[in-house]
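Enquirer: Attaching a predicted model along with its sequence, questions to come.
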Amino acid sequence: MNTIEGAKLLLIEDEFNLGEITKYLLENSGIEVRWETSGEEGLKALKEYSPDIILCDIMMKGIDGYEVLRQIKQKERFTFTPFIFLSAKASPSEIKDGIRMGANDYVVKPFRIENLKETIELRYNQSQELKSYRNKAKKTSSMNNFMVRASHEFNTPLHGIKGCIEFLKNDIDNLNQSEIINLIAMMEYSHQRLERTILNMITAIEVSNNPHEFEINGKTKIDDIINSEYEYLQKKYSRNNEPNIKTEKNIPFVQISEKLANKIIHEIIDNACKFSQIDEEIFISCSFDNKYVCVSISNFGEPFTDENIRSIDMFQQFNRDINEQQGLGLGLYLSKAILTQNHGFLKIFSENGLNTVKLYFPILC
């Protein structure tokens, strides 16, 4: 069985004939090949293309292979991506220099395609094993975090409901109507919190196991959802300040179901309410270009760090030790996963004391 079949490879080679034939032969082996003819174009391609392997010439005009390698090694998302030099430079010292800089292997031109494929397969399999170990470690860590927080998230509303029931059982004859209504309201709030936790857990598992089920085409007016969700959450969190919502005119329909759009907007505005002071403003804007409708939601709070941004995952809540808030940390993960599955994307950053989440929904064609 060809273990590299379906793997994605970025080939950076400025020699046209060699690049063309290498691409052709590797594609015949079942590898998906993207070929760029310069270091500049190779680095540019990596902004939108995530290869499993990078095969790069050294001697090129402009940015050479060494500089391509140096810049790639600065990007954490390529930590486990094998980088193989393909070059006529073959002296032991030059090979040693390439390996010392972080290259995983070195194939000397001219080469036999069988030898090149063997090298690619070896390095690809090694990288897949490393990724597997990393993912297992991350899942174990995420599950440990989840178990600690889940006990709190289940027990708190259950204790609230139980406490109200005990009051009603033992003192109902001494309670007036207003006190009974308050107890019912407290039970209703605890029920809603518990229900949301369970539904988010189920949704997170479904998104992880069956992502295609969340790719549901629809026709949705996103600006209408923003206003209704903010109004609902404003009441939920007893925020009396006026909403700061700025929406461009004639926002087009977006290509996502109304149910999923509601879920995404709700989760992000809910986070903004939870992780900011009750008297602080939340800033929301809605704009569009020729491809996407962008919903921007900003609040004052503990700033996002680079590590936070890289670690968006199931059951991962930012700054839990500082912001001891309710929740399992699923909102951001779900929003990102559902958006990605529906050809959109999410950006988060902190600037001038504001934490901002930008949601990009594809415009309905």
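Expert: Ah, there it is. Residues are numbered from 1 along each chain as shown.

Enquirer: how does this protein divide into domains?
Expert: 8-133, 141-210, 213-362 (automatic domain parsing).

Enquirer: in the stretch 151-300 of the chain, which ranges drop under the pLDDT threshold?
Expert: The stretch 151-300 of the chain contains residues with pLDDT under 70 at 151-153, 207-208, 210-217.

Enquirer: How about residue 218, nearest residue that isn't a chain neighbour?
Expert: Nearest residue to residue 218 in three dimensions, chain neighbours excluded: residue 257, at 3.5 Å (CB to CB, 6 or more residues apart in numbering). Any C-beta I mention is one placed from the backbone N, CA and C, and that applies to glycine too.

Enquirer: any chance of the domains of the chain in a markdown table, with mean neighbour count too?
Expert: Formatted as a markdown table, the domains of the chain follow (neighbours: other CB atoms under 10 Å):
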| stretch | mean neighbour count |
| --- | --- |
| domain 8-133 | 16 |
| domain 141-210 | 14 |
| domain 213-362 | 17 |
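
Enquirer: Other residues contacting stretch 170-183?
Expert: Applying CB atoms under 8 Å, 6 or more residues apart in numbering, the external contacts of stretch 170-183 come out as 164, 167, 168.

Enquirer: What of stretch 103-116?
Expert: Contacts of stretch 103-116 (CB under 8 Å, 6+ apart): 18, 22, 25-26, 55, 69, 82-88, 90, 95, 98-99, 119, 122-123, 126.

Enquirer: Of the residues you listed, which belong to strands?
Expert: The strands, defined by DSSP state E, take in 55, 83, 84, 85, 86, 87 from the contacts of stretch 103-116.

Enquirer: Where is pLDDT lowest across those?
Expert: Among the ones in strands among the contacts of stretch 103-116, residue 87 carries the weakest pLDDT, at 82.

Enquirer: My guess is it contacts residue 60. True?
Expert: No: using CB atoms under 8 Å, residue 87 makes no contact with residue 60, being 9.5 Å away.

Enquirer: Identify the contacts common to the two.
Expert: Counting by CB under 8 Å, 6+ apart, nothing touches both residue 87 and residue 60.

Enquirer: now residue 193, what's its secondary structure?
Expert: Taking DSSP: H, G, I helix; E, B strand; the rest coil as the rule, one finds residue 193 in the helix state.

Enquirer: In this structure, what residue spans correspond to helices?
Expert: For the chain, the helices defined by DSSP state H cover 16-27, 39-45, 65-73, 92-100, 113-171, 177-209, 222-236, 258-274, 306-310, 331-341.

Enquirer: Using TSV, please lay out those helices together with distance to residue 51.
Expert: Shown next, in TSV, are those (distance: least, CB to CB, whole Å):
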stretch	distance to residue 51
helix 16-27	12
helix 39-45	9
helix 65-73	10
helix 92-100	18
helix 113-171	10
helix 177-209	24
helix 222-236	33
helix 258-274	29
helix 306-310	19
helix 331-341	18
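
Enquirer: list the contacts for residue 54?
Expert: Contacts of residue 54 by CB under 8 Å, 6+ apart are 9, 10, 12, 42, 72, 78, 81, 82, 83, 84.

Enquirer: Could you pull up the contacting residues of the closest residue to residue 65 other than its chain neighbours?
Expert: Distances taken as CB to CB, 6+ apart put residue 58 closest to residue 65, at 3.7 Å, once the chain neighbours are dropped. Taking CB under 8 Å, 6+ apart, we find residue 58 in contact with 64, 65, 66, 85, 86, 87, 89, 98.

Enquirer: What of residue 81?
Expert: Residues in contact with residue 81, defined by CB under 8 Å, 6+ apart, are 51, 52, 53, 54, 72, 127.

Enquirer: confidence score at it?
Expert: Looking at residue 81, its pLDDT reads 90.

Enquirer: And it, how far from residue 124?
Expert: 10 Å (CB to CB, to the nearest Å).

Enquirer: same deal with residue 59?
Expert: Taken as CB to CB, the span from residue 59 to residue 124 is 25 Å.

Enquirer: for residue 255, same thing?
Expert: In terms of CB to CB, residue 255 sits 35 Å off from residue 124.

Enquirer: if we can go back for a sec, give me the common contacts of residue 81 and residue 124.
Expert: With contacts defined as CB under 8 Å, 6+ apart, the residues shared by residue 81 and residue 124 are 52, 53.

Enquirer: Farthest pair within the contacts of residue 54?
Expert: Farthest apart among the contacts of residue 54 by CB to CB are 42 and 82. That separation is 15.0 Å.

Enquirer: Need the contacts of residue 58 in a markdown table (columns: distance to residue 291).
Expert: Formatted as a markdown table, those follow (distance: CB to CB, whole Å):
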| residue | distance to residue 291 |
| --- | --- |
| 64 | 34 |
| 65 | 34 |
| 66 | 36 |
| 85 | 37 |
| 86 | 35 |
| 87 | 39 |
| 89 | 42 |
| 98 | 39 |
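
Enquirer: any idea which of the residues you listed is closest to residue 352?
Expert: So of the contacts of residue 58, ranked by how close each gets to residue 352 (CB to CB), first place is residue 66, at 38.1 Å.

Enquirer: Run through the residues that contact residue 239.
Expert: By CB under 8 Å, 6+ apart, the contact set of residue 239 is 233, 273, 278, 282.

Enquirer: got it, and residue 82?
Expert: Contact analysis of residue 82 by CB under 8 Å, 6+ apart lists 52, 53, 54, 104, 105, 120, 123, 124, 126, 127.

Enquirer: Same question for residue 164.
Expert: By CB under 8 Å, 6+ apart, the neighbours of residue 164 are 183, 184, 186, 187, 190.

Enquirer: how close does the second one sit to residue 167?
Expert: Translated: residue 184. Distance, residue 184 to residue 167, using CB to CB: 11 Å.
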